[in-house]
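In: Predicted coordinates and the sequence they were generated for:
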Amino acid sequence: MNEIRASQEEDVQPIVLIVDDISENLQVLGTILDEQDIEFSYATNGKEALESVSFNKPDLILLDVNMPEMNGYEVCEILKSDEETKEIPVIFLTAKTEPEDIIKGLTVGGIDYISKPFNAKELITRVKSHLEFSVSKRIISAQNKQLTLLNKELKEAIVTKDKFFSIIAHDLKDPFHTLMGFSDLILRTFDQRKPEDIKRLVKHINQSSMHGFDLLNNLLEWSRTQTGSIKYNPKTFNLYSTVNDMLLLLTKTAEKKDLHLTSAIPEDCEGFADEKMIQTGIRNLVSNALKFTESGGTVRIESRILENETEIIVSDTGLGIPAEHLGKLFSISENFSTPGTDQERGTGLGLLLCKEFVEKNGGRIQVKSEAGKGSEFSFLIPSSKKEMVH
């Protein structure tokens, strides 16, 4: 934390804005500040001052009261009514020293009042005092923002850790319980069981081992994204070949559920991204679609070439997602998971991984779904290297 503050203090270079319509006053004030190595800028009227502040907020404003068109009180009121400028301290400069004038200046938001003609020592003492306070407030504000950011990152890290250990403690144990339970049952009762009975038990073992393997793969990939150890290698690749290679791994799953798994990706369709990440993302979307689509249904992968991007769409005729659950799909803090049509289990980790991989490649993911009417997940990636946004 001390390093943060030291860095901020080194970067802070306070600046004073002088606002006066008389050039001689600007020159005198500028000379006084310059002798103290205090940076300053100037404006010759209220409108010019407001324009200057909108571009570069000073740490302190020395504001003349008597100016044509817009006096100092009016300028101060405008500054104090704006969230962006209301914290800038204003010292009024004027020959008016009547109590009602001083009270009016303080009422509209001024913090001090210096009478003309200026006493250089008095002016510098007050300016330095208010500058020190203003800069301190700026440093504290920057530190608060930094602490807020660090606190947010810490909370996200805690949620990530909890999700990670929850998967290890619960979801990853379930496949092993099934494997151990059914394999033990086969070993103990093998001689008394019919072949078709053993085949049914082996099917359960096979499904559980596949689920465990997929979960472990996703868990390892996700943990690598969290630690920053995953390699990122974007390049132009052929989406048609990438999808076809991935479909070879999922065809058997589709056949077992009697689902139609089809691809309508053109042979010349290309994208610019990390091919492995995109393939993992598509695989997770297709696996989810297969999981939540009933026998006889269809899962389809297609693409659209937009102006600067390639869109990949994975749609299904499955169960769909209720509207109230759509916002939970990509949130790590939400423990949202429902069983598939064959009671397949999931953790939502695949969607989190897909989202992170897509965003890592400069894309974005979205979902359209309605309960009982299927789902459509889609994401965009750059179509070429020159469109890649860093």
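Out: Received, thanks. Residues are numbered from 1 along each chain as shown.

In: Let me know the next secondary structure element after the least confident helix or strand in the chain by mean pLDDT.
Out: None of the helices or strands of the chain scores lower by mean pLDDT, DSSP states H and E than helix 2-11, at a mean of 45. Reading on from helix 2-11 to the C-terminus, the next helix or strand found by DSSP states H and E is strand 15-19.

In: how close does V16 sit to I102?
Out: Applying C-beta to C-beta, to the nearest Å, the value for V16 to I102 is 21 Å. C-betas here are computed from N, CA, C, even on glycine.

In: okay, these two: which has more neighbours?
Out: V16 (22 against 17; other C-beta atoms under 10 Å).

In: can you pull the contacts of the more buried one?
Out: L33, I38, E39, F40, S41, P58, D59, L60, I61, L62, V127, L131 (C-beta atoms under 8 Å, 6 or more residues apart in numbering).

In: Just the ones of those in strands?
Out: Of these, the ones assigned to strands by DSSP state E are E39, F40, S41, L60, I61, L62.

In: Low-confidence regions, the stretch 201-350 of the chain specifically.
Out: For the stretch 201-350 of the chain, the stretches flagged by pLDDT under 70 are 211, 215, 218, 222-230, 331-348.

In: switch to 90 and redo it
Out: Along the stretch 201-350 of the chain, the model assigns pLDDT under 90 to residues 201-235, 242, 244-257, 268-271, 274-284, 287-288, 291-292, 304-310, 318-350.

In: Just the strands from it, written as ranges.
Out: 234-238, 260-263, 270-274, 298-305, 309-316 (DSSP state E, counting those that start in this stretch).

In: okay if I get these as CSV plus distance to G281 and mean neighbour count?
Out: Listed next are the strands of the stretch 201-350 of the chain as CSV, based on distance: least, C-beta to C-beta, whole Å; neighbours: other C-beta atoms under 10 Å:
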stretch, distance to G281, mean neighbour count
strand 234-238, 13, 15
strand 260-263, 15, 16
strand 270-274, 9, 23
strand 298-305, 12, 18
strand 309-316, 8, 22
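
In: got the ones you listed as TSV, with distance to D184 columns?
Out: Conversion of those to TSV gives the following (distance: least, C-beta to C-beta, whole Å):
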stretch	distance to D184
strand 234-238	45
strand 260-263	34
strand 270-274	42
strand 298-305	35
strand 309-316	36
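
In: Helices along this protein, start to end?
Out: 2-11, 23-35, 46-55, 72-80, 99-107, 120-166, 173-189, 195-227, 239-256, 275-291, 349-360 (DSSP state H).

In: how about the fifth one: buried residues?
Out: For helix 99-107, burial by neighbour count (16 or more other C-beta atoms under 10 Å) applies to D101, I102, K104, G105.

In: PyMOL command to pick out the buried ones of the contacts of V16?
Out: Of the contacts of V16, the buried ones can be selected in PyMOL as follows, counting by 16+ other C-beta under 10 Å:
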select buried, resi 33+38+40+58+59+60+61+62+127+131
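
In: Closest one of the contacts of V16 to D197?
Out: Checking those against D197 by C-beta to C-beta gives D59 as the nearest, at 82.4 Å.

In: Retrieve the pLDDT associated with that closest one.
Out: Per-residue pLDDT puts D59 at 90.

In: ok, it touching V90?
Out: No - with contact defined as C-beta atoms under 8 Å, D59 does not reach V90; the gap is 11.4 Å.

In: circling back to that earlier point, to E83, which of the strands of the stretch 201-350 of the chain lies closest?
Out: Using C-beta to C-beta, the nearest of the strands of the stretch 201-350 of the chain to E83 is strand 309-316, at 36.2 Å.

In: Contacts made by the closest one with the rest, please.
Out: 239, 269-271, 278, 282, 285-286, 289-290, 292-293, 297-305, 363, 374-383, 387.

In: Check stretch 243-261 too.
Out: 210, 263, 265, 279, 282-283, 286-287, 290, 293, 295-299, 301, 341-342.

In: Provide a list of residue ranges in the stretch 51-200 of the chain with pLDDT below threshold.
Out: In the stretch 51-200 of the chain (pLDDT under 90), the answer is 54-57, 66, 68-69, 83-84, 86-87, 93-107, 109-200.

In: starting at the chain centroid, how far to stretch 93-112?
Out: 46 Å (C-alpha atoms, centre = their mean, to the nearest Å).

In: same question, stretch 22-36
Out: On C-alpha atoms, centre = their mean, the centre of stretch 22-36 falls 46 Å from the chain's centre.

In: Can I get that stretch as CSV, trimmed to CA atoms?
Out: Provided in CSV are the C-alpha atoms of stretch 22-36 (Å, rounded to 0.1, in the frame of the first residue of the first chain):
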residue,chain,number,x,y,z
ILE,A,22,-7.5,42.0,-16.4
SER,A,23,-4.2,41.0,-17.9
GLU,A,24,-2.1,42.8,-15.4
ASN,A,25,-3.7,40.8,-12.6
LEU,A,26,-2.9,37.6,-14.5
GLN,A,27,0.7,38.6,-14.9
VAL,A,28,1.1,39.5,-11.2
LEU,A,29,-0.5,36.3,-10.0
GLY,A,30,1.5,34.2,-12.5
THR,A,31,4.7,35.7,-11.4
ILE,A,32,4.0,35.0,-7.7
LEU,A,33,3.1,31.4,-8.4
ASP,A,34,6.0,30.9,-10.8
GLU,A,35,8.5,32.1,-8.1
GLN,A,36,7.2,29.2,-6.0
